[in-house]
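model the structure of this input:
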Amino acid sequence: MIKMRVSTKIDTSDLKKLQKQLQNAHVDVGWIDSPNHWMSDVPVAQVASNLHDWSPWRDKFMLSETRVKQVQSIVATELQKFGDVGFWNVLRNVGEKAKDQIEVNIRGVSSPPNSEAWAAVKGFNDPLVFGSRTGDEPNLISALTFKVGV
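Alright, predicted model coming up:
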C-alpha cells in the first residue's frame with residue numbers, strides 16, 4: 001500500500017487579527033456624553049440612571065440584566081449579516097437597533113402613570129416621555145445614542 005501525505009502551512013494571521021478585533025469590539029448604548037436634561041442642570045444620563053435604579057419605573061426601559069433576551073436577539077440578528085456587510089457595519093447596526101429598542105421600551109412604559117398635575121405640565125401622561133418647550137430639548141429619547149469602539 002502506498003501512502004501519500006500532502007501538508008501545507010496556512011497563514012492564520014488575518015484570522016487571529018479578526019479574533020482579536022472581535023474580542024475587543026464593543027458597542028456602548030445609552031446617554032453617552034449627554035447634555036443636561038432640559039428641565040434641570042442634571043445630565044440626561046443621570047436622569048436615566050435615577051429612573052432606572054430608583055423610580056417606580058425601575059428597570060423597565062434600559063437594556064440591562066433583566067432584558068438580556070432583547071440584547072441577545074439584536075446581536076444574533078445582526079451577526080447573521082456578517083459577510084454580507086462588514087464587521088463595523090454589524091457593530092453600528094447593533095448599536096442602532098439597541099438604541100431603537102430602548103426607545104421602544106421608554107415609549108412602552110405606561111404604568112404607573114404620572115400624577116395628574118405633572119401630566120398637565122407635560123401636556124400628556126406618558127411616564128418616561130418628557131414633554132418640552134419645543135420638542136427639541138434634550139430628553140430620554142432625543143439624547144439617546146450609541147458609540148462603537150475597540
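
tell me where this structure has helices.
Using DSSP state H, the helices of the chain run over 13-24, 44-54, 68-79, 87-108, 116-122.

which residues touch the fourth one?
When contacts are defined by Cβ atoms under 8 Å, 6 or more residues apart in numbering, helix 87-108 is touched by residues 18, 21-22, 25, 27-30, 60-63, 67, 70-71, 74-75, 77-79, 81-82, 85, 126, 128-129, 140-141, 144-148. Bear in mind the C-beta positions are built from the backbone N, C-alpha and C, glycine included.

least confident secondary structure element in this structure?
helix 13-24 (a mean of 79; mean pLDDT, DSSP states H and E).

picking up where we left off before, would you format the helices of the chain as CSV with distance to residue 38 and mean neighbour count included?
Listed next are these as CSV, based on distance: least, Cβ to Cβ, whole Å; neighbours: other Cβ atoms under 10 Å:
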stretch, distance to residue 38, mean neighbour count
helix 13-24, 36, 10
helix 44-54, 9, 17
helix 68-79, 28, 14
helix 87-108, 16, 18
helix 116-122, 12, 11
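
now render those as JSON lines, adding distance to residue 5.
Formatted as JSON lines, the helices of the chain follow (distance: least, Cβ to Cβ, whole Å):
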{"stretch": "helix 13-24", "distance to residue 5": "24"}
{"stretch": "helix 44-54", "distance to residue 5": "61"}
{"stretch": "helix 68-79", "distance to residue 5": "37"}
{"stretch": "helix 87-108", "distance to residue 5": "36"}
{"stretch": "helix 116-122", "distance to residue 5": "76"}
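
which of those sits closest to residue 7?
Nearest to residue 7 among the helices of the chain is helix 13-24 (18.7 Å), distances taken as Cβ to Cβ.

residue ranges with poor pLDDT in this structure?
131-136 (pLDDT under 70).

what is the burial count for residue 31?
Using other Cβ atoms under 10 Å, residue 31 is surrounded by 21 other residues.

wait, what's in contact with it?
With Cβ under 8 Å, 6+ apart, residue 31 has these contacts: 43-45, 48, 140, 143-145.

same deal with residue 57?
With Cβ under 8 Å, 6+ apart, residue 57 has these contacts: 51, 109, 112, 127-128.

if any of those are buried, give me the PyMOL selection for them.
Buried members of the contacts of residue 57, defined by 16 or more other Cβ atoms under 10 Å, are picked up in PyMOL with:
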select buried, resi 51+109+127+128
